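> Sequence first, then the predicted structure, then my questions.
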Amino acid sequence: MRILITGIAGSLGRAFIKYLVKGNHIIGLDNAEWGIAELEKEYEGENIEFMLEDFSEWKFDQRPVDLVIHTAAYKHLPLGEKNVNSFIDNNIVKVRRLFSECYKNSADFIFISSDKAIEPCNLYGYTKAIGEHLAMEFNGVVARCGNFLNSSGSVIPVWEKCIKENKPLPITDLSMKRFVIDVDNAVRQIMDGYLKGEHLIIPKCEEVSLAELAAYVLQKHGKVYGNYPIEIIGVRQGEKMREKLQ
């Protein structure tokens, strides 16, 4: 298959490369210059093209593909509340253009959504909810996921940096719960669902409290939860105490 992956330099995009690199021709798009440069070195000689390009500008009539996996999105919650126009443009307007072109050119597509699309209470969640409706309108596939462990947007790298610098772990609320999933496991479930013809794929995630997640991260680094300093920073605007996947 000829597969176009947007947001290729992110954690999820990289996981899709590992899963699909054998037997497929992959085209990866991202606006992260250094990420693209790193990937070109890592996958030199493989059947992959990496391009520094806006996903909404892809010319399907000139470069047809069989499948689009759309992982690119603005997703930082507080930034979304302060940069409304940018989030709407990137997560809705450009997404509609992409899905419309997929439909016109008979390309399948998978839209990576979020549990924050269910009963949204922040701009990011609203954009993902609208994205899901657009995907269904253009006969695409929705993959609604929880939080990806160790992704660029995850709290885990933040905590690990704090541990390395011997600083307290900043935690919004110890009882707050989140759905989490390993990114490679998510990719396997998404592709299995797509190949089975499913139009709504909800990978099986584990629901954990932030206290449990912090204990896991501390244990990985030889620390003991309860003995390591924690800084409670409070729930941020647009955050829920508990998410839903459906």
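Done, it's in. These figures come from a predicted structure and were not determined experimentally.

> Contact partners for residue 70?
Neighbouring residues of residue 70 by CB atoms under 8 Å, 6 or more residues apart in numbering: 6, 7, 55, 95, 98, 109, 110, 111, 112. C-betas here are computed from N, CA, C, even on glycine.

> same thing but at 10 Å, please
Residue 70 makes contact with 4-7, 29, 55, 94-95, 98-99, 102, 109-113, 131, 135, 140-141, 143, according to CB atoms under 10 Å, 6 or more residues apart in numbering.

> Ramachandran coordinates for it?
Backbone torsions of residue 70, given as degrees, to the nearest 10, read phi -100, psi 100.

> quick one: which of the contacts of residue 70 sit in helices?
When those are checked against helices (DSSP state H), the matches are 94, 95, 98, 99, 102, 131, 135.

> most surrounded residue in those?
residue 98 (27 neighbours; other CB atoms under 10 Å).

> all strands of this protein, in order?
With DSSP state E as the criterion, the chain has strands at 2-6, 25-30, 48-52, 67-70, 108-114, 141-145, 147-148, 169-171, 177-181, 200-201, 206-209, 230-232.

> if we can go back for a sec, can you tell me which of the ones in helices among the contacts of residue 70 is closest to residue 76?
Nearest to residue 76, judged by CB to CB, of those is residue 131 at 16.3 Å.

> how about the nearest residue to that closest one, chain neighbours excluded?
With CB to CB, 6 or more residues apart in numbering as the criterion, residue 131 has its nearest non-adjacent residue at 5.2 Å, and that residue is residue 95.

> The one you found contacts residue 54, correct?
No. Assessed by CB atoms under 10 Å, residue 95 is found out of contact with residue 54, at 11.9 Å.

> hey, what's in contact with both of the two?
6, 72.

> what about residue 52, neighbour count?
Neighbours around residue 52, by other CB under 10 Å: 13.

> ok, what's across the strand from it?
Assessed by DSSP bridges, residue 52 has beta-bridge partners residue 30.

> residues in contact with it?
Shown in contact with residue 52 (CB under 10 Å, 6+ apart): 9, 29, 30, 31, 32, 33, 35, 36, 37.
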